[in-house]
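Undergrad: Provide a 3D model corresponding to the input given below.
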Amino acid sequence: MRSGTAGTPAGRRRAQVSGTGLLLALVATLVWSGSFVTARALHDSVPPVQHAFWRWVVAIVAVAPFAARPAWRQRHLIRRHLGFVLLSALLGVTVYNTLVHQAGITTTAGTMGMIMAASPILMALYERIGGAPLGARRVTGILIACAGVLLLLGPASGKGTLAPDLTPGDGWVMAAAAAFASYSALLKRRPRELGGLPFLFGTFVLGALMLLPAYGISLAVQGGFEPTAGTVGPLLYVGVFSSAVAFFAWNKAIALIGAARAGVVYYLQPVCVALLSFLVLDEPFGPGQALCLALIVGGVALGAASARTPRRPRTVPAGPGGTPGRENAPGQRPPV
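TA: Presented below is the predicted three-dimensional model:
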């Protein structure tokens, strides 16, 4: 913001919008961090597909009082853009979170958080394929983040090997990162006329419906889980907070400040996950993990900083509250 306009009503309005957007992005990031801990905490008591299915059932119930009526009013728009909404639901609801829960069986919450923090690498590749230049700083940041991931899976893994030694869970969370990056690339292309709440509600419902066949198979093969305080409590958390609240806050943040600026806040996620997993699950966090964390967060933050080149802002699709946002640079991206 130019100093000459900082004291004007327009300048104060921009500062207020920026502060609100950053706060909403921080809320979403902090809440999402807890979902990696719950995925690990429930890995031996709730099958992954059932974990994902009930997460979205709870989210639908939580969002319905606010979103069902707007979604019904815009049902013709949802039908018109059904292919877009279906693909978004498949990637962001059906696939992404199910893979995270599957990963929690064989890898730690801290590792999941750090690998997911490198997902902007894939987002940058999507932008490059779309014709957006990356620039030297951004490429450098990507390479630094990649080094952090490789170090995390190799020497810092505690397995006594220099080469990456992947567990099945590491592979699942990498696939989850790819699904999330694809969802994020779609999110900024949401049709302008489709409101944020109807879009959110539509993806939740369609994503849960697409999980139904896998849920039925899981019940038949693995059986159900016992509804206790230790299982229902975390499911309520991921359904209400990690799904309904966090997705609403994140989409609104992107509408207010753009995906690139919101994405910088998201890079705090592995820090939050590492601290939560250390405090709640007693997972190890030593100098090796700290070095990996610094490389990954530093790399992606360096890459994101280089993307925020000042230019004339343009209007982007309205967020969940219906408020149009600004996008400050081409190729802005949201991270889930």
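
Undergrad: so how far is stretch 170-180 off the chain centroid?
TA: For stretch 170-180, the distance from its own C-alpha centre to the chain's C-alpha centre is 12 Å (Cα atoms, centre = their mean, to the nearest Å).

Undergrad: okay, residue 298: pLDDT?
TA: Confidence at residue 298, expressed as pLDDT, is 79.

Undergrad: what sits against it?
TA: Applying Cβ atoms under 8 Å, 6 or more residues apart in numbering, we find residue 298 in contact with 141, 144, 145. All C-beta atoms are positioned from the backbone trio N, CA, C, and that covers glycine.

Undergrad: how about the first one, secondary structure?
TA: In other words, residue 141. What DSSP: H, G, I helix; E, B strand; the rest coil gives for residue 141 is helix.

Undergrad: tally up the residues packed near it, please.
TA: 25 (other Cβ atoms under 10 Å).

Undergrad: swap in the one 4 residues further on?
TA: As a burial measure, the neighbour count of residue 145 was computed by other Cβ under 10 Å and equals 27.

Undergrad: make 251 the first number, not 1, from now on.
TA: Sure thing, new numbering starts at 251, so read that last one as residue 395.

Undergrad: for it, pull up the helix or strand it's in.
TA: Using DSSP states H and E, residue 395 falls within helix 386-403.

Undergrad: so which other helices or strands are in contact with that helix?
TA: With contacts defined as 3 or more Cβ pairs under 8 Å, 6 or more residues apart in numbering; DSSP states H and E, the packing partners of helix 386-403 are helix 359-367, helix 370-379, helix 537-557.

Undergrad: which of those helices is buried the deepest?
TA: Highest mean neighbour count among these (mean count of other Cβ atoms under 10 Å): helix 359-367, with a mean of 27.

Undergrad: just for the stretch 401-550 of the chain, where's the confidence low?
TA: 402-416, 509-511, 513-514, 517, 534-535, 550 (pLDDT under 70).

Undergrad: render the CA-only coordinates of the helix holding residue 395 in PDB, please.
TA: Taking Å, rounded to 0.1, in the frame of the first residue of the first chain, the C-alpha atoms of helix 386-403 are listed here in PDB:
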ATOM      1  CA  ALA A 386      14.400 -17.400 -10.200                       C
ATOM      2  CA  ARG A 387      13.400 -16.800  -6.500                       C
ATOM      3  CA  ARG A 388      10.400 -19.000  -6.800                       C
ATOM      4  CA  VAL A 389      12.300 -21.900  -8.400                       C
ATOM      5  CA  THR A 390      14.900 -21.500  -5.700                       C
ATOM      6  CA  GLY A 391      12.200 -21.700  -3.000                       C
ATOM      7  CA  ILE A 392      10.800 -24.800  -4.600                       C
ATOM      8  CA  LEU A 393      14.200 -26.500  -4.700                       C
ATOM      9  CA  ILE A 394      14.800 -25.700  -1.000                       C
ATOM     10  CA  ALA A 395      11.400 -27.100   0.000                       C
ATOM     11  CA  CYS A 396      12.100 -30.300  -2.000                       C
ATOM     12  CA  ALA A 397      15.400 -30.700  -0.200                       C
ATOM     13  CA  GLY A 398      13.600 -30.400   3.100                       C
ATOM     14  CA  VAL A 399      11.100 -33.100   2.100                       C
ATOM     15  CA  LEU A 400      13.900 -35.500   0.900                       C
ATOM     16  CA  LEU A 401      15.900 -34.900   4.100                       C
ATOM     17  CA  LEU A 402      12.700 -35.600   6.100                       C
ATOM     18  CA  LEU A 403      12.200 -38.900   4.400                       C
END
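
Undergrad: between that helix and helix 359-367, how many degrees?
TA: Interaxial angle, helix 386-403 versus helix 359-367 (axes from the mean of the first three to the mean of the last three Cα atoms, to 10 degrees): 160 degrees.

Undergrad: for the helix or strand following helix 386-403, which positions count as buried?
TA: Note on helix 386-403: by DSSP H and E, the next helix or strand toward the C-terminus is helix 418-437. Across helix 418-437, burial judged by 16 or more other Cβ atoms under 10 Å covers 419-437.

Undergrad: for helix 418-437, packing partners?
TA: helix 332-339, helix 346-353, helix 359-367, helix 370-379.

Undergrad: list of residues touching the first one?
TA: Looking back up the chat, that one is helix 332-339. Identification of contacts with helix 332-339 by Cβ under 8 Å, 6+ apart yields 328, 433, 436-437, 439-441, 444, 449, 452-457, 460.

Undergrad: list only buried entries from those.
TA: Buried members of those, counted by 16+ other Cβ under 10 Å: 328, 433, 436-437, 440, 444, 449, 452-457, 460.

Undergrad: out of those, which sit inside helices?
TA: Judged by DSSP state H, the subset of these located in helices is 328, 433, 436, 437, 449, 452, 453, 454, 455, 456, 457, 460.

Undergrad: could I get those as TSV with distance to residue 539?
TA: Below are these laid out as TSV (distance: Cβ to Cβ, whole Å):
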residue	distance to residue 539
328	43
433	27
436	32
437	30
449	37
452	39
453	34
454	34
455	39
456	37
457	32
460	35
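
Undergrad: re earlier: nearest to residue 507, of the contacts of helix 332-339?
TA: residue 437 (14.3 Å; Cβ to Cβ).

Undergrad: same list (the helices and strands packed on helix 418-437) but as CSV, adding distance to residue 321 and mean pLDDT.
TA: Shown next, in CSV, are these (distance: least, Cβ to Cβ, whole Å; pLDDT from 0 to 100):
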stretch, distance to residue 321, mean pLDDT
helix 332-339, 10, 95
helix 346-353, 21, 87
helix 359-367, 29, 76
helix 370-379, 28, 72
